[in-house]
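Student: What follows is a protein structure lacking sequence information:
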């Protein structure tokens, strides 16, 4: 299971999730998402999970088993239940999305 570490080199003061292979995730500055460190991806969290292999891109975890604060998500990841429910979001969408509607009519 992943573990938490504090004060890793270059990551002082941030909460970090690590596996035997090293640091994996860190809490973002807003503390509402866990971001993968450079070179790491969703599959690194559970290498035996074939479903995660199809996730290509830069994803962040925004909830784990319903927990939405980074501290609570880390707790869920480090003491996992039999099933983990992850909510993931493309990292570029963390600050929100813009939607433009054309030819909208009401009434």
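Tutor: Okay, I see it. As the structure is a prediction and not an experimental result, all values here were calculated from the model. Numbers count the residues shown, from 1 in each chain.
Student: Please, which helix or strand holds the spatially most central residue of the chain?
Tutor: Centroid check for the chain by Cα atoms, centre = their mean gives residue 61 as the closest residue, at 2.2 Å. Taking DSSP states H and E as the definition, residue 61 sits inside strand 59-64.
Student: what's residue 49 in contact with, if anything?
Tutor: Shown in contact with residue 49 (Cβ atoms under 8 Å, 6 or more residues apart in numbering): residue 43. For the C-beta atoms, the positions are set from N, CA and C on the backbone; glycine is no exception.
Student: phi, psi of it?
Tutor: Torsion angles at residue 49 (phi, psi; degrees, to the nearest 10) stand at phi -90, psi 100.
Student: mind checking how far it is from residue 55?
Tutor: Computed as Cβ to Cβ, to the nearest Å, the residue 49 to residue 55 distance reads 10 Å.
Student: Overlap in contacts, these two.
Tutor: With Cβ under 8 Å, 6+ apart as the test, residue 49 and residue 55 both reach residue 43.
Student: picking that back up, how far is the strand holding residue 61 from where the chain is centred?
Tutor: Put simply, strand 59-64 sits 3 Å off its chain's centre (Cα atoms, centre = their mean, to the nearest Å).
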